[in-house]
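**Q** 3D, please:
(chains A and B)
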Amino acid sequence: MIRTARLLAFGWVLHFKMLSQSAFDGFLAILWPLFFATVAFFMFRHGSRNAALGPIALGAAVMGVWTATSVSASSALQRERRLGTLELLVAAPTNLALILLPVALATSTIGLYCIVATLLWARILFGIHVPVAHPLPFGLGILGIVFTIGSLGFLMAVAFVRSRRAWAIGAVSEYPVWLICGFLVPISLLPHWVKPISWVLGPTWGMRAIHAGAFGGSAWGDVALCFALGLAYIAFGNLLLGRMIDAARRRATLSLT
Amino acid sequence: MAVIEVSDLRRTYKTTTGIIRRRPLEVEAVRGVTFAVEQGELFGLLGPNGAGKTTTIKMLITLLLPTSGTAHVLGLDVVAQARDLRKRIGYVFGGDRGLYERLSALDNLRYFAELYGVSGKEQRRRIDQVLELVGLKGRERERVEGYSRGMRQRLHIARGILHDPEVVFLDEPTIGVDPVGARELRQTIGDLIAAGKTVLLTTHYMFEADALCNRIAVIAKGQIVGEGTPTELKAGVAEGQVLEIEVFGVDESILGRLRDVPTVTAVSVEELDQKQLLVVQATGEREVAAPLLAQLDGIEVGRVSSREPTLEDAYVALVGDAS
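**A** Below you'll find the predicted structure:
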């Protein structure tokens, strides 16, 4: 147990260190969320929804977390493959899930910055004040959404292990998730057939928890669902990973770049 | 009992060919390889590119599943007991990749120490020990991206032996390393044997195999075509003769004619600056220079000399027979 905790913590620190030293990831993490947030603020300010700018600020902040995570985490295995380290990780006696999970969590942690930066950006440039009615569920909602997005990133990394274009799949998922999880518009406005997809995505519940924490309402159920779905992604990703690695060992695709 | 036991190991790759109409294609990379490596031995797998060396090593370190046959390392089955086996073996491959460039050597080693379950207290001692062994002590806090190829390769070795494995697999560890760096690496490999490790080394550098290996298996087209100590392999061609002939402008058709000369077993050509060097192996004591020179009629011929067979001659003869 202690060894696992050490491994997760150490892996998280090292991958966070690597990501924070990457000019590309740095650019993505610092400017992208502000860019999207600015576009969202202008769109809604000039529309008929002036009153809803607070939720938009929160939604834009979470958009940044997803943006930072989706491409980076889904291509995490491909990155290891390109570095030539994937075979070494598979050849190690540690469960590969314990090696990959900190990678995805490190990318979503960078997303924490996005939340703070976007909210400050909204406050300073657009004068949007986000009240926090219930600080504890609000804070837990933020942690929950970072965790569930990281876990979803881990599941994506596992699911796309055999794809050489994993980053593209991650990029394609970027905008739909913004909409489906209700980051910018309430999911009640989405067609009925989309809603079940929203419900199985942890960020939906994380977003609801953050909204409830900020503007009032009960957030605990949403927080619990957000964490539960994150854990479910990890469990499912772990199961899938064993099969994927066996298939890669059978098909000799571990070292393909 | 042998530390590595390989029996009739086979590996087939399935791929496709064609752009519009894709057709399945099967490539037999390893075709029934059998060998055994004893405790404390440095065993070499020698062969040309694409011979099946890396595929064999990847099956032994559990990265590839064999199509058929069996392999046991330290008594553990490489398919059924992969997780247990991984704790007890180390793997090092050649080339620039396989390291986290943005991290320091120390961070790279600490990370892999965690992955191999080396405890915190033990980590410091082991990292110091392996850095000392590979000669990187004092440079461990520098980022790997600033390392030379030789330093990276030494770091690879340090990573591979960090958890004190009983068996170390080295896949072309000196590839692309300058002569001085390669010599230092060979010294490091020698030190591994002195430390009691069993080493399986793949290489296509003859002098490296000759200098380091207790025993060698020559692999060509997925099959072992010769096995023994370097001396035994050389003895296989020692009864014959090796002639070196300097020539200018020899083409494939002339090489074919030379190969047809009775008693000639192998002909290879080495391109030098302004000339070519023909290396001809022949069996028996019979005079072979005259019939060879007769086939070179019209070609400018320089110095002709004979010499003692080397491991390279044995290798060329074995690989040549397989093709």
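**Q** burial measure for the residue in chain A positioned nearest to chain B, as a count.
**A** The nearest approach of chain A to chain B comes at A:G84, 2.7 Å away (Cβ to the nearest Cβ). Every C-beta, even on glycine, is put in place using the N, C-alpha and C of the backbone. If you count neighbours by other Cβ atoms under 10 Å in any protein chain shown, A:G84 ends up with 16.
**Q** swap in the one 10 residues further on?
**A** Applying other Cβ under 10 Å, we find 20 residues neighbouring A:T94.
**Q** go on, A:F16?
**A** A:F16: 17 surrounding residues under other Cβ under 10 Å.
**Q** And for it, nearest residue in space, chain neighbours not counted?
**A** Counting by Cβ to Cβ, 6 or more residues apart in numbering or on different chains, the nearest residue to A:F16 once its immediate chain neighbours are dropped is A:A106, at 4.2 Å.
**Q** Contacts only, for the one you found.
**A** Neighbouring residues of A:A106 by Cβ atoms under 8 Å, 6 or more residues apart in numbering or on different chains: A:11-12, A:15-16, A:18-19.
**Q** and the two most separated of the residues you listed?
**A** A:G11 and A:L19 (12.1 Å; Cβ to Cβ).
**Q** coming back round to it: quick check: phi and psi on the residue of chain A closest to chain B?
**A** phi 80, psi 10 (degrees, to the nearest 10).
**Q** And the pLDDT at it?
**A** pLDDT for A:G84: 87.
**Q** That one and B:G95 touch, don't they?
**A** Yes. Proximity of A:G84 to B:G95 meets the contact threshold set by Cβ atoms under 8 Å, at 7.3 Å.
**Q** just to revisit the earlier point, element containing the residue nearest to A:F16, please.
**A** Here A:A106, judged by DSSP states H and E, is contained in helix A:96-126.
**Q** need the next SSE after that helix, C-terminal direction.
**A** Counting by DSSP H and E, what follows helix A:96-126 is helix A:135-159.
**Q** which of the residues in that following helix are buried?
**A** A:137-138, A:140-142, A:144-159 (16 or more other Cβ atoms under 10 Å in any protein chain shown).
**Q** Could you do stretch B:197-208 as well?
**A** B:197-206, B:208.
**Q** got the CA positions of that stretch in PDB?
**A** Only the C-alpha atoms of stretch B:197-208 are listed here, as PDB (Å, rounded to 0.1, in the frame of the first residue of the first chain):
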ATOM      1  CA  LYS B 197      25.500 -11.600 -13.500                       C
ATOM      2  CA  THR B 198      24.500 -13.800 -16.400                       C
ATOM      3  CA  VAL B 199      24.400 -11.700 -19.600                       C
ATOM      4  CA  LEU B 200      22.800 -12.300 -23.000                       C
ATOM      5  CA  LEU B 201      24.300  -9.900 -25.500                       C
ATOM      6  CA  THR B 202      23.200  -9.300 -29.100                       C
ATOM      7  CA  THR B 203      25.600  -7.600 -31.400                       C
ATOM      8  CA  HIS B 204      26.800  -7.600 -35.000                       C
ATOM      9  CA  TYR B 205      30.300  -6.400 -34.000                       C
ATOM     10  CA  MET B 206      32.600  -9.400 -34.300                       C
ATOM     11  CA  PHE B 207      35.400  -8.000 -32.300                       C
ATOM     12  CA  GLU B 208      33.000  -7.200 -29.500                       C
END
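**Q** Check whether it comes near chain A.
**A** No. Stretch B:197-208 lies out of reach of chain A by Cβ under 8 Å from any Cβ of the partner chain, never closer than 14.4 Å.
**Q** what pLDDT, on average, does that stretch get?
**A** Looking at stretch B:197-208 alone, the average pLDDT works out to 87.
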